[in-house]
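A.B. asks: Generate a structure from the sequence data that follows.
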Amino acid sequence: MIDSDLIEVYRTNGEVGTSVEKQLKDIVIIVLEGEECDLSFLSIILSDDDLLQQLNREYLGIDEPTDVLSFDLSERDDLKIEGEIYISLDRVNVQAVNHKVTQETELIRLVIHGMLHLCGMDHNDDVSLKTIIEHGENYISRFYQRGSVGL
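C.D. replies: Purely as a prediction, here's the structure:
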């Protein structure tokens with residue numbers, strides 16, 4: 001059983017509601033259990049395009065905003081995940097409209113995507129991108145089947 005106290009949720013420009021925090025912790029645990037990954041510590045940072053663009057430029061050399069960035073902070077010999085997931089709420093809003101889903105569903109999708117990266121998945125080509133998207137959709141279904149709605 002994964003301890004939800006190992007997961008922290010922050011918002012750079014405001015408060016994170018308790019229901020949002022609980023929902024994000026729930027989805028993280030669903031992914032960790034499904035991928036059979038163990039957790040040392042995770043921070044989820046909800047921010048904006050400005051911060052994500054700065055991080056994208058600094059760490060990936062891409063000078064444009066992005067929706068989600070994951071940083072693996074684990075020691076090489078440690079089998080437990082320790083990391084950070086940064087999400088742009090600006091991108092959440094735009095992508096929710098584009099994908100015709102709620103902002104809550106889009107936020108959950110991005111947390112799942114970040115977790116899959118921390119669990120070792122990547123998408124360097126069309127095949128691996130399709131795989132990570134399919135995994136993500138599977139976890140969204142599991143999340144809502146558990147009755148975890150109402151962000």
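
A.B. asks: so what does the lengthiest helix in the chain touch, helix or strand wise?
C.D. replies: Assignment by DSSP state H gives helix 126-145 as the longest helix of the chain. Contacts defined by 3 or more C-beta pairs under 8 Å, 6 or more residues apart in numbering; DSSP states H and E place helix 126-145 against helix 18-35, helix 103-118. In this view, the C-beta of every residue, glycine as well, is placed from N, C-alpha and C.

A.B. asks: Just give me how far it sits from the chain centre.
C.D. replies: 13 Å (C-alpha atoms, centre = their mean, to the nearest Å).

A.B. asks: Over to stretch 136-147?
C.D. replies: 14 Å.

A.B. asks: Show me which residues of the longest helix of the chain are buried.
C.D. replies: By neighbour count on 16 or more other C-beta atoms under 10 Å, the buried set for helix 126-145 is Ile132, His135, Gly136, Tyr139, Ile140, Arg142, Phe143.

A.B. asks: same question, stretch 96-114
C.D. replies: Ala96, Thr105, Glu106, Leu107, Ile108, Arg109, Leu110, Val111, Ile112, His113, Gly114.

A.B. asks: for the residues you listed, which one is nearest Glu36?
C.D. replies: Closest approach to Glu36 among these (C-beta to C-beta): Ile112, at 15.5 Å.

A.B. asks: hang on, the closest one packs against Val31?
C.D. replies: Yes: contact criterion C-beta atoms under 8 Å: Ile112 and Val31 qualify, at 5.8 Å.
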